[in-house]
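Novice: For reference, the sequence and a predicted model appear below.
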Amino acid sequence: MNGAPTSDTLPVRYGGFLLRAVAALVDLGIVWLFAWLVSAVLGVSFLAATPEELANTTILHVLISTTLFGAWLYYAGMESSSMQATLGKAFMGLYVTDRNGMRIGFLRASFRHWAKILSGAIFFTGFLLALFPPHHQGLHDMMAACLVVKR
């Protein structure tokens, strides 16, 4: 043999922490833009709300609820789509799969999204787990049996 690989499959390259962090910042910007648009529709200054505006808890609750709902649909919808990535992940050349390399469904993507609450609960320790090989999985990835892979 000439030393060439006999397999037709390429080795899997997992998305490392820095790539995922940059992707998360891009996605955070998108969610913030959405929140800003919702706040503009509601007539609330997104970053500089006055005490009077904050006293109107109905508007504040609508803003928070709409933003959380929109973020959930964005993350779960994009990661379960044929793109398998949010815009930030796609920008960084990453995508989300199950452990077999297959596209995840909306329910699993939703579970993965809400599991990020636990990943961030104690000083973001669950996210920091993605620093370590072999699969560079965060706690939410482990809980949802998902991988973030480099294209």
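Specialist: Right, received. Where do you want to start?
Novice: From now on I want contacts and neighbour counts done on CA atoms only, so please keep to that.
Specialist: Fine.
Novice: what separates the closest residue to residue 13 other than its chain neighbours from residue 30, distance-wise?
Specialist: Taking Cα to Cα, 6 or more residues apart in numbering as the measure, residue 13 lies nearest to residue 150, with 5.4 Å between them; neighbours along the chain are not counted. Between residue 150 and residue 30 the distance is 21 Å, computed by Cα to Cα, to the nearest Å.
Novice: The residue nearest to residue 13: neighbour count?
Specialist: Counted with other Cα atoms under 10 Å, residues neighbouring residue 150 total 18.
Novice: Surely it is in contact with residue 11?
Specialist: No: the pair residue 150 and residue 11 does not pass the contact test of Cα atoms under 8 Å, sitting 10.6 Å apart.
Novice: got any residues that touch both of these two?
Specialist: Residues touching both residue 150 and residue 11 do not exist when contact is defined as Cα atoms under 8 Å, 6 or more residues apart in numbering.
Novice: Moving C-terminal from the lowest-mean-pLDDT helix or strand in the chain, which element do we reach first?
Specialist: The weakest-scoring helix or strand in the chain, judged by mean pLDDT, DSSP states H and E, is helix 51-55 (a mean of 74). Next along the chain after helix 51-55, taking DSSP states H and E as the criterion, comes helix 57-80.
Novice: Name all residues that make contact with the most centrally placed residue in the chain.
Specialist: For the chain, the residue whose C-alpha lies nearest the mean C-alpha position (Cα atoms, centre = their mean) is residue 75; its distance is 5.4 Å. Shown here is residue 75, whose contacts under the criterion Cα under 8 Å, 6+ apart are 86, 109-110, 113.
Novice: now it: how far from residue 87?
Specialist: As defined by Cα to Cα, residue 75 lies at a distance of 9 Å from residue 87.
Novice: again with residue 32
Specialist: Distance from residue 32 to residue 87, by Cα to Cα: 14 Å.
Novice: Same check on residue 77?
Specialist: As judged by Cα to Cα, residue 77 and residue 87 stand 11 Å apart.
Novice: ok, now residue 81?
Specialist: Summarising the geometry, the distance separating residue 81 from residue 87, computed by Cα to Cα, is 12 Å.
Novice: and those two? which has more neighbours close in?
Specialist: When residue 81 and residue 87 are compared for neighbours, residue 87 comes out ahead with 21 against 16, by other Cα under 10 Å.
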